[in-house]
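In: sequence plus predicted model, see below.
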Amino acid sequence: MITTELARIRVLPVVVIDDPRHAVPLARALADGGVPCAEITLRTPAAVEAVAAVAELDGFLVGAGTVLSPEQLDRVVDAGARFVVSPGFSAVLSNRASRHGVPAIPGVATASELMSARAAGHTVVKLFPAAQLGGAALVPALHAPFPDVRFVPSGGIGIGTAADYDLDPVLTVSTSWIAPRDAIGAGRFDEITARAREFRAAVGR
Ligand SMILES: O=C(O)C(=O)C[C@H](O)[C@H](O)COP(=O)(O)O
């Protein structure tokens, strides 16, 4: 199962790719650092091509992020995305993902949003933007009334706070800290491998 794989890897790098030719070296750099997965955000025109390139790699789990519309969802699933992530919850996206049989991880920022997502069948949600909402303390607070839910905290989490999120209800920790956009653009893949290793060590297990 995808969520089991994400939980095992324990870190989900969020990446913004400007040039699709960077996608495969980036994926290899992350895997070399012990983090064989990525969420490629649909924030650049290169994103769908980047998903398709990385989907060809054995042993690498690629998802798409910043999925805002059903049309985008169709496109990334066609390109080979194995899971989709959104900053918020949308029933339309949720239905579309189920139709494709692809796991969707919607973002929630409040208990009400979590109730909507749960009513649509989601038991894995992204907690976004985690740091700005109050940080790691939010996880046990929201987990108490929703013990069946696991969280993917995302937003403002860097190496300084990564260890705070090493909590049982956390499925995996999402961060753009590992692969900054400028490092990808400049081809500093060794640096990305080192950051992957460092962040992975910080979230434990
Ligand atoms: O829009 C989405 O679907 C997203 O994926 C949002 C990202 O999870 C965060 O933007 C990552 O936050 P930073 O680690 O602070 O950069």
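Out: Now that the structure is in, tell me what you want to look at. Residues are numbered from 1 along each chain as shown.
In: contacts only, for Asp164.
Out: Applying Cβ atoms under 8 Å, 6 or more residues apart in numbering, one finds that Asp164 lies in contact with Gly135, Ala136. For glycine as for every other residue, the C-beta is placed from the backbone atoms N, C-alpha and C.
In: quick one: it is in a strand?
Out: No: applying DSSP: H, G, I helix; E, B strand; the rest coil, one finds Asp164 to be helix, outside a strand.
In: residues from the protein in reach of the ligand?
Out: 14, 39, 41, 65-66, 85-87, 128, 154-157, 174-177 (Cβ under 6 Å from any ligand atom).
In: what about 8 Å?
Out: Within the chain, the positions adjacent to the ligand are 14, 39, 41, 43, 65-67, 85-87, 107, 126, 128-129, 131, 154-158, 174-177 by Cβ under 8 Å from any ligand atom.
In: and the longest helix along the chain, how far from the chain's centre?
Out: Using DSSP state H, we find that the single longest helix of the chain is helix 189-202. Distance of helix 189-202 from its chain centroid, counting by Cα atoms, centre = their mean, to the nearest Å, is 16 Å.
In: do stretch 16-31 as well
Out: 15 Å.
In: next one: stretch 139-157
Out: 14 Å.
In: CA atoms only for it, dumped as PDB, please.
Out: Extracted in PDB, the C-alpha atoms of stretch 139-157 (Å, rounded to 0.1, in the frame of the first residue of the first chain):
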ATOM      1  CA  VAL A 139      -0.700  16.700  16.000                       C
ATOM      2  CA  PRO A 140      -1.700  15.100  19.400                       C
ATOM      3  CA  ALA A 141      -4.300  17.800  19.900                       C
ATOM      4  CA  LEU A 142      -6.100  16.800  16.600                       C
ATOM      5  CA  HIS A 143      -5.300  13.100  17.000                       C
ATOM      6  CA  ALA A 144      -7.200  12.900  20.300                       C
ATOM      7  CA  PRO A 145     -10.700  13.300  18.800                       C
ATOM      8  CA  PHE A 146      -9.700  11.500  15.600                       C
ATOM      9  CA  PRO A 147      -7.600   8.500  16.700                       C
ATOM     10  CA  ASP A 148      -8.100   6.700  13.400                       C
ATOM     11  CA  VAL A 149      -6.400   9.500  11.400                       C
ATOM     12  CA  ARG A 150      -2.800   9.800  10.500                       C
ATOM     13  CA  PHE A 151      -1.200  13.100   9.700                       C
ATOM     14  CA  VAL A 152       1.300  14.400   7.100                       C
ATOM     15  CA  PRO A 153       2.500  17.700   8.600                       C
ATOM     16  CA  SER A 154       3.700  20.200   6.000                       C
ATOM     17  CA  GLY A 155       4.600  23.800   5.800                       C
ATOM     18  CA  GLY A 156       7.500  25.600   7.500                       C
ATOM     19  CA  ILE A 157       9.200  22.400   8.700                       C
END
